[in-house]
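S.K.: predicted model and sequence follow; I will ask about them next.
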Amino acid sequence: DARVTQTPRHKVTEMGQEVTMRCQPILGHNTVFWYRQTMMQGLELLAYFRNRAPLDDSGMPKDRFSAEMPDATLATLKIQPSEPRDSAVYFCASGPNRAYEQYFGPGTRLTVT
Amino acid sequence: GENVEQHPSTLSVQEGDSAVIKCTYSDSASNYFPWYKQELGKRPQLIIDIRSNVGEKKDQRIAVTLNKTAKHFSLHITETQPEDSAVYFCAAAYNNNDMRFGAGTRLTVKP
(Lines give C-alpha, C1' and ligand atoms only; values in the text may rest on other atoms or scores of the structure.)
Protein backbone atom coordinates (compact mmCIF):
# COMPACT_ATOMS: atom_id res chain seq x y z
CA ASP A 1 0.00 0.00 0.00
CA ALA A 2 2.01 2.97 -1.30
CA ARG A 3 1.88 6.12 0.80
CA VAL A 4 3.34 9.59 0.84
CA THR A 5 5.96 9.92 3.57
CA GLN A 6 7.09 13.06 5.36
CA THR A 7 9.93 13.85 7.72
CA PRO A 8 10.21 14.96 10.41
CA ARG A 9 6.82 14.19 11.90
CA HIS A 10 7.32 16.77 14.64
CA LYS A 11 9.60 19.76 14.84
CA VAL A 12 10.03 22.28 17.63
CA THR A 13 12.33 25.17 16.94
CA GLU A 14 13.07 28.67 18.09
CA MET A 15 12.11 31.76 16.18
CA GLY A 16 14.70 32.69 13.59
CA GLN A 17 15.90 29.15 12.95
CA GLU A 18 15.77 27.45 9.56
CA VAL A 19 13.31 24.60 9.14
CA THR A 20 13.38 22.04 6.34
CA MET A 21 10.55 19.60 5.78
CA ARG A 22 10.84 16.68 3.39
CA CYS A 23 8.34 14.69 1.41
CA GLN A 24 8.61 11.51 -0.61
CA PRO A 25 5.70 11.27 -3.03
CA ILE A 26 4.18 7.97 -4.06
CA LEU A 27 6.39 6.35 -6.68
CA GLY A 28 5.17 7.26 -10.14
CA HIS A 29 3.14 10.27 -9.05
CA ASN A 30 4.12 13.36 -11.00
CA THR A 31 2.26 16.08 -9.08
CA VAL A 32 3.27 17.21 -5.59
CA PHE A 33 1.45 19.68 -3.37
CA TRP A 34 2.34 21.44 -0.12
CA TYR A 35 -0.46 22.48 2.25
CA ARG A 36 -0.53 24.16 5.63
CA GLN A 37 -3.27 23.43 8.15
CA THR A 38 -4.17 25.65 11.10
CA MET A 39 -7.31 25.95 13.16
CA MET A 40 -7.86 29.51 11.98
CA GLN A 41 -7.10 29.18 8.25
CA GLY A 42 -7.93 25.55 7.61
CA LEU A 43 -6.13 23.80 4.73
CA GLU A 44 -4.21 26.26 2.58
CA LEU A 45 -2.38 25.41 -0.63
CA LEU A 46 1.17 26.74 -0.47
CA ALA A 47 2.74 25.43 -3.68
CA TYR A 48 2.61 22.62 -6.20
CA PHE A 49 4.82 20.95 -8.77
CA ARG A 50 4.21 18.88 -11.85
CA ASN A 51 7.04 16.79 -13.26
CA ARG A 52 9.29 18.58 -10.74
CA ALA A 53 8.53 22.01 -12.22
CA PRO A 54 6.92 24.57 -9.91
CA LEU A 55 3.48 25.49 -11.23
CA ASP A 56 2.21 27.79 -8.54
CA ASP A 57 3.65 29.04 -5.29
CA SER A 58 1.40 32.05 -4.86
CA GLY A 59 0.18 30.72 -1.51
CA MET A 60 3.62 30.94 0.06
CA PRO A 61 5.14 33.94 1.83
CA LYS A 62 7.96 34.47 -0.66
CA ASP A 63 10.34 36.22 1.66
CA ARG A 64 10.79 33.25 3.99
CA PHE A 65 9.36 30.13 2.33
CA SER A 66 10.85 28.14 -0.52
CA ALA A 67 9.82 24.85 -2.11
CA GLU A 68 11.88 22.64 -4.38
CA MET A 69 11.95 19.20 -5.95
CA PRO A 70 15.59 18.16 -6.28
CA ASP A 71 14.46 14.88 -7.85
CA ALA A 72 11.28 12.93 -8.52
CA THR A 73 11.44 11.19 -5.14
CA LEU A 74 12.00 14.24 -2.92
CA ALA A 75 10.19 17.51 -2.34
CA THR A 76 11.34 20.03 0.25
CA LEU A 77 9.73 22.99 1.98
CA LYS A 78 12.05 25.37 3.73
CA ILE A 79 11.31 28.24 6.09
CA GLN A 80 14.07 30.72 6.83
CA PRO A 81 13.81 32.45 9.24
CA SER A 82 10.93 30.76 11.04
CA GLU A 83 8.39 32.75 13.04
CA PRO A 84 5.82 31.72 15.69
CA ARG A 85 2.98 32.32 13.19
CA ASP A 86 4.43 29.52 11.04
CA SER A 87 3.36 27.00 13.67
CA ALA A 88 1.02 24.60 11.88
CA VAL A 89 0.80 21.14 10.40
CA TYR A 90 2.39 21.00 6.95
CA PHE A 91 1.07 18.34 4.62
CA CYS A 92 2.53 17.09 1.41
CA ALA A 93 0.26 15.36 -1.11
CA SER A 94 0.97 13.65 -4.41
CA GLY A 95 -1.15 12.81 -7.40
CA PRO A 96 -0.81 10.48 -10.37
CA ASN A 97 -0.37 11.54 -13.95
CA ARG A 98 -3.62 11.98 -15.92
CA ALA A 99 -5.73 11.74 -12.78
CA TYR A 100 -7.06 14.23 -10.33
CA GLU A 101 -6.73 12.50 -6.95
CA GLN A 102 -4.36 13.72 -4.26
CA TYR A 103 -3.02 11.51 -1.50
CA PHE A 104 -1.78 13.14 1.67
CA GLY A 105 1.26 12.37 3.75
CA PRO A 106 1.08 12.17 7.57
CA GLY A 107 2.14 15.79 7.99
CA THR A 108 4.88 17.61 9.87
CA ARG A 109 3.71 19.35 13.02
CA LEU A 110 5.84 22.48 13.35
CA THR A 111 6.01 24.52 16.53
CA VAL A 112 8.02 27.73 16.50
CA THR A 113 8.63 29.25 19.92
CA GLY B 1 -9.54 32.33 -7.69
CA GLU B 2 -11.76 29.56 -6.40
CA ASN B 3 -13.65 30.04 -3.11
CA VAL B 4 -15.29 27.08 -1.41
CA GLU B 5 -17.83 27.44 1.38
CA GLN B 6 -18.91 24.50 3.50
CA HIS B 7 -21.88 24.02 5.84
CA PRO B 8 -22.50 23.17 8.57
CA SER B 9 -19.32 23.63 10.56
CA THR B 10 -20.48 21.05 13.10
CA LEU B 11 -23.02 18.25 12.79
CA SER B 12 -24.19 15.80 15.41
CA VAL B 13 -26.35 12.81 14.52
CA GLN B 14 -27.53 9.63 16.16
CA GLU B 15 -26.02 6.37 15.02
CA GLY B 16 -28.01 5.03 12.12
CA ASP B 17 -29.23 8.44 10.96
CA SER B 18 -28.10 10.15 7.77
CA ALA B 19 -25.70 13.08 7.57
CA VAL B 20 -25.54 15.68 4.81
CA ILE B 21 -22.76 18.22 4.29
CA LYS B 22 -23.06 20.92 1.64
CA CYS B 23 -20.49 22.98 -0.26
CA THR B 24 -20.66 25.78 -2.77
CA TYR B 25 -17.92 26.95 -5.10
CA SER B 26 -17.36 30.11 -7.06
CA ASP B 27 -15.32 29.21 -10.16
CA SER B 28 -17.48 27.75 -12.91
CA ALA B 29 -14.33 26.26 -14.51
CA SER B 30 -13.83 23.86 -11.58
CA ASN B 31 -14.37 20.31 -12.71
CA TYR B 32 -13.15 18.10 -9.87
CA PHE B 33 -14.76 17.86 -6.42
CA PRO B 34 -13.24 15.51 -3.84
CA TRP B 35 -14.24 14.87 -0.25
CA TYR B 36 -11.71 14.10 2.46
CA LYS B 37 -12.14 12.63 5.92
CA GLN B 38 -9.68 13.63 8.63
CA GLU B 39 -9.56 11.93 11.98
CA LEU B 40 -7.90 13.69 14.90
CA GLY B 41 -4.15 13.89 14.40
CA LYS B 42 -4.27 12.02 11.10
CA ARG B 43 -3.87 12.88 7.44
CA PRO B 44 -6.84 13.85 5.26
CA GLN B 45 -8.02 10.75 3.39
CA LEU B 46 -9.85 10.83 0.10
CA ILE B 47 -13.20 9.10 0.55
CA ILE B 48 -15.04 9.95 -2.65
CA ASP B 49 -14.79 12.35 -5.55
CA ILE B 50 -16.89 13.48 -8.47
CA ARG B 51 -16.10 15.09 -11.79
CA SER B 52 -18.21 17.67 -13.53
CA ASN B 53 -19.51 15.29 -16.19
CA VAL B 54 -21.32 13.29 -13.51
CA GLY B 55 -24.26 14.34 -11.34
CA GLU B 56 -24.08 11.69 -8.65
CA LYS B 57 -21.69 9.03 -7.43
CA LYS B 58 -22.19 6.42 -4.74
CA ASP B 59 -19.85 4.16 -2.81
CA GLN B 60 -21.58 1.96 -0.24
CA ARG B 61 -22.88 4.30 2.48
CA ILE B 62 -21.50 7.51 1.03
CA ALA B 63 -22.70 9.44 -1.98
CA VAL B 64 -21.92 12.77 -3.54
CA THR B 65 -24.18 14.91 -5.70
CA LEU B 66 -23.15 17.80 -7.92
CA ASN B 67 -25.25 20.61 -9.32
CA LYS B 68 -23.04 22.51 -11.76
CA THR B 69 -25.68 25.08 -12.60
CA ALA B 70 -26.04 26.09 -8.98
CA LYS B 71 -22.37 25.44 -8.23
CA HIS B 72 -22.95 23.28 -5.23
CA PHE B 73 -22.18 19.72 -4.22
CA SER B 74 -23.08 17.61 -1.24
CA LEU B 75 -21.86 14.59 0.71
CA HIS B 76 -24.44 12.14 2.00
CA ILE B 77 -23.61 9.49 4.59
CA THR B 78 -26.33 6.97 5.35
CA GLU B 79 -26.61 4.59 8.31
CA THR B 80 -23.96 6.54 10.18
CA GLN B 81 -21.65 4.72 12.59
CA PRO B 82 -19.48 6.06 15.44
CA GLU B 83 -16.37 5.47 13.29
CA ASP B 84 -17.73 8.02 10.82
CA SER B 85 -16.98 10.71 13.43
CA ALA B 86 -14.29 12.98 11.96
CA VAL B 87 -13.80 16.28 10.18
CA TYR B 88 -14.92 16.22 6.56
CA PHE B 89 -13.54 18.60 3.95
CA CYS B 90 -14.86 19.35 0.51
CA ALA B 91 -12.65 20.78 -2.20
CA ALA B 92 -12.86 22.10 -5.75
CA ALA B 93 -10.27 22.32 -8.47
CA TYR B 94 -9.77 22.61 -12.20
CA ASN B 95 -7.94 19.50 -13.44
CA ASN B 96 -6.24 18.95 -10.06
CA ASN B 97 -4.66 22.37 -10.20
CA ASP B 98 -4.90 24.82 -7.34
CA MET B 99 -7.31 22.81 -5.20
CA ARG B 100 -9.23 24.89 -2.64
CA PHE B 101 -10.71 23.38 0.46
CA GLY B 102 -13.79 24.21 2.47
CA ALA B 103 -13.39 25.03 6.15
CA GLY B 104 -14.46 21.57 7.26
CA THR B 105 -17.42 19.97 9.06
CA ARG B 106 -16.93 18.22 12.37
CA LEU B 107 -19.28 15.24 12.34
CA THR B 108 -20.10 13.50 15.60
CA VAL B 109 -22.06 10.26 15.51
CA LYS B 110 -23.53 9.47 18.89
CA PRO B 111 -23.99 5.79 19.75
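M.R.: All right, it came through fine. Since this is a predicted model, take the numbers as computed values, not measurements.
S.K.: for B:T105, give me its contacts.
M.R.: By C-beta atoms under 8 Å, 6 or more residues apart in numbering or on different chains, the contact set of B:T105 is B:Q6, B:H7, B:P8, B:S9, B:T10, B:L11, B:I21, B:V87, B:Y88, B:F89. From N, CA and C alone the C-beta is placed, and that goes for glycine too.
S.K.: what is the nearest of the residues you listed to A:Q41?
M.R.: Minimum distance to A:Q41 across the contacts of B:T105 is 13.0 Å, recorded for B:F89 (C-beta to C-beta).
S.K.: give the contact list for the closest one.
M.R.: A:G42, A:L43, B:Q6, B:W35, B:Y36, B:Q38, B:P44, B:F101, B:G102, B:G104, B:T105.
S.K.: swap in A:R52?
M.R.: Shown in contact with A:R52 (C-beta under 8 Å, 6+ apart): A:M69, A:D71, A:A72.
S.K.: in strands only, show me those.
M.R.: Using DSSP state E, the subset of the contacts of A:R52 located in strands is A:M69, A:D71.
S.K.: what is the nearest of the contacts of A:R52 to chain B?
M.R.: Closest approach between the contacts of A:R52 and chain B, by C-beta to the nearest C-beta: A:M69, at 16.5 Å.
S.K.: go ahead and confirm that closest one touches A:Y48.
M.R.: No - A:M69 sits out of contact with A:Y48 when judged by C-beta atoms under 8 Å, with a separation of 10.2 Å.
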